[in-house]
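Novice: Sequence unavailable; structure follows:
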Ligand SMILES: Nc1ncnc2c1ncn2[C@@H]1O[C@H](COP(=O)(O)OP(=O)(O)OP(=O)(O)O)[C@@H](O)[C@H]1O
């Protein structure tokens, strides 16, 4: 089922939550809505679901206007951050719920429901837990059951709102790989909300970067990461440093007047040298060193401008350089992106 979001506008009082949002989601795609808190991701998801009404604009499913369609008619499956499993029901009954509550005419037989639930439990790799209650499951297991329950009614569209948001980092990472694999098996058009760029980059076919109720850029993970449309997208998909003025660097694009140019360099694209290899290196002083597991974040002050920047090095590179606080070094930006005019990020 393809989804077309056409010129959606949503106001809460005087606050504009969505401002003319247009988006096309091809059938079978897994799309991430990525953006900071308050950017309108959940509101857009709720409007697609039919849980919220837009002030203007349309949502089309397979080319058909859904505006007058009730949530139930839209054949949407939901998974939310706080696994809303029924506590008093077993895992089996939770997954079977959507089928059991169907009117008699359309309800599958008991044995069909049984077979379907067991299939779904196998799909989410929890077939051994059918008789447990939600309280006897881990957070990650509950989310997988919530997914199985959402899939039981064979939704045409699956909507996930921060599905792994309440879980710890390791379980999150595991579940997102698992979600990707699951999607490759079942290919249901899926939209998931996240504010975690790593999650979006790893899981999604396409990322829609949102900010202040608007779409800043939509594209494949490679496109938004390698060719960010603007500084907001660049900054949201990785730590970035600003240099006012144009850096003397061969890779930089050369549009616009220099006095309005701001150069942006990702932290891991900054190299540190003990002595300058050529005139493009900038003299700097090490102000702070912070070790973060496999990487080391080095804060430097650029001599010429006093600007602070951050470089992210691997532990090996850091060790080989033998860097110390307050030392004078040289920094070399590896990949520079220049956007004309300062942009608030
Ligand atoms: N029912 C409502 N009444 C008033 N304001 C609302 C309502 N729902 C959302 N908002 C506001 O609209 C804005 C967008 O909210 P939304 O939940 O869509 O953002 P989000 O990007 O999903 O953020 P988060 O990541 O924090 O969930 C927020 O500023 C929020 O306070």
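Specialist: Structure received. Note that the coordinates shown come from a computational prediction; the quantities given were computed from them, not determined experimentally.
Novice: Show me which positions of the longest helix seen in the chain end up buried.
Specialist: Identified as the longest helix of the chain according to DSSP state H is helix 169-186. By 16 or more other C-beta atoms under 10 Å, the buried positions in helix 169-186 come out as 171-172, 175-176, 178-179, 182-183. C-beta coordinates here come from the backbone N, C-alpha and C atoms, glycine included.
Novice: same thing with stretch 122-131?
Specialist: In stretch 122-131, counting by 16+ other C-beta under 10 Å, buried: 123-124, 126, 129-130.
Novice: and which of the residues you listed is nearest the ligand?
Specialist: residue 124 (25.0 Å; C-beta to the nearest ligand atom).
Novice: Need the nearest residue in space to that closest one, chain neighbours excluded.
Specialist: Excluding the flanking residues, the one nearest residue 124 by C-beta to C-beta, 6 or more residues apart in numbering is residue 144, at 4.1 Å.
Novice: Surely residue 197 touches residue 236?
Specialist: Yes: contact criterion C-beta atoms under 8 Å: residue 197 and residue 236 qualify, at 6.2 Å.
Novice: do you know how far the residue nearest to residue 193 when sequence neighbours are not counted is from residue 31?
Specialist: Nearest residue to residue 193 in three dimensions, chain neighbours excluded: residue 41, at 4.3 Å (C-beta to C-beta, 6+ apart). According to C-beta to C-beta, to the nearest Å, residue 41 stands 11 Å off from residue 31.
Novice: Just the strands from the stretch 201-345 of the chain, written as ranges.
Specialist: 206-211, 214-219, 240-244, 261-266, 270-273, 282-292, 295-302, 308-314, 328-333, 337-340 (DSSP state E, counting those that start in this stretch).
Novice: The ligand is nearest to which of those?
Specialist: It is, among the strands of the stretch 201-345 of the chain and with distance given as C-beta to the nearest ligand atom, strand 206-211, at 6.6 Å.
Novice: what's next to the helix or strand harbouring residue 142, contact-wise?
Specialist: Residue 142 belongs to helix 139-152 when assigned by DSSP states H and E. Residues outside helix 139-152 that contact it (C-beta atoms under 8 Å, 6 or more residues apart in numbering): 77-80, 83-85, 91, 94-99, 116-117, 120-121, 123-126, 129, 134, 137, 158, 163-164, 166-168, 171, 174-175, 178-179, 182, 186, 188.
Novice: Now residue 129: closest residue in space that isn't a chain neighbour?
Specialist: Nearest residue to residue 129 in three dimensions, chain neighbours excluded: residue 91, at 5.2 Å (C-beta to C-beta, 6+ apart).
Novice: Next: residue 179.
Specialist: Using C-beta to C-beta, 6+ apart, the closest residue to residue 179 is residue 203 (5.9 Å).
Novice: What of residue 277?
Specialist: Nearest to residue 277 is residue 332, by C-beta to C-beta, 6+ apart, at 7.3 Å.
Novice: rewinding a little: measure the residue nearest to residue 124 to residue 314 for me?
Specialist: 34 Å.
Novice: Show me the helices in the chain, by range?
Specialist: Going by DSSP H, the chain shows helices at 41-49, 91-100, 110-123, 139-152, 169-186, 197-203, 221-226, 231-236, 315-321.
Novice: Tell me which of those helices lies nearest to the ligand.
Specialist: Here helix 41-49 is closest among those (C-beta to the nearest ligand atom), at 3.2 Å.
Novice: Give me the domain ranges for the chain.
Specialist: Domains of the chain are assigned by automatic domain parsing as 3-236, 240-340.
Novice: so what's the residue nearest to residue 129 up against?
Specialist: Counting by C-beta under 8 Å, 6+ apart, the residues that residue 91 touches are 121, 126, 129-134, 137, 145.
Novice: Enumerate the residues of this protein near the ligand.
Specialist: Residues of the chain found near the ligand (C-beta under 6 Å from any ligand atom) are 12, 15, 17, 35, 37-43, 193, 195.
Novice: Take those and write them to TSV, including neighbour count, pLDDT and distance to residue 262.
Specialist: TSV is the format used below for the residues of the chain next to the ligand (neighbours: other C-beta atoms under 10 Å; pLDDT from 0 to 100; distance: C-beta to C-beta, whole Å):
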residue	neighbour count	pLDDT	distance to residue 262
12	11	96	33
15	9	96	30
17	23	97	29
35	27	95	22
37	7	92	25
38	15	93	25
39	24	96	22
40	23	96	26
41	24	96	27
42	19	94	32
43	22	96	31
193	26	95	30
195	18	90	25
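Novice: Could you tell me how many residues sit around residue 264?
Specialist: A count of neighbours around residue 264, defined by other C-beta atoms under 10 Å, yields 24.
Novice: Excluding chain neighbours, what is closest to it?
Specialist: Setting aside the residues directly before and after it, residue 264 is nearest to residue 337 in space (C-beta to C-beta, 6+ apart), at 4.7 Å.
Novice: Same question for residue 40.
Specialist: residue 213 (4.4 Å).
Novice: who are the neighbours in contact with the residue nearest the centre of the chain?
Specialist: Taking C-alpha atoms, centre = their mean, the centroid of the chain lies closest to residue 200, which sits 3.2 Å from it. Applying C-beta under 8 Å, 6+ apart to residue 200 gives the contacts 32, 34, 194, 207, 221.
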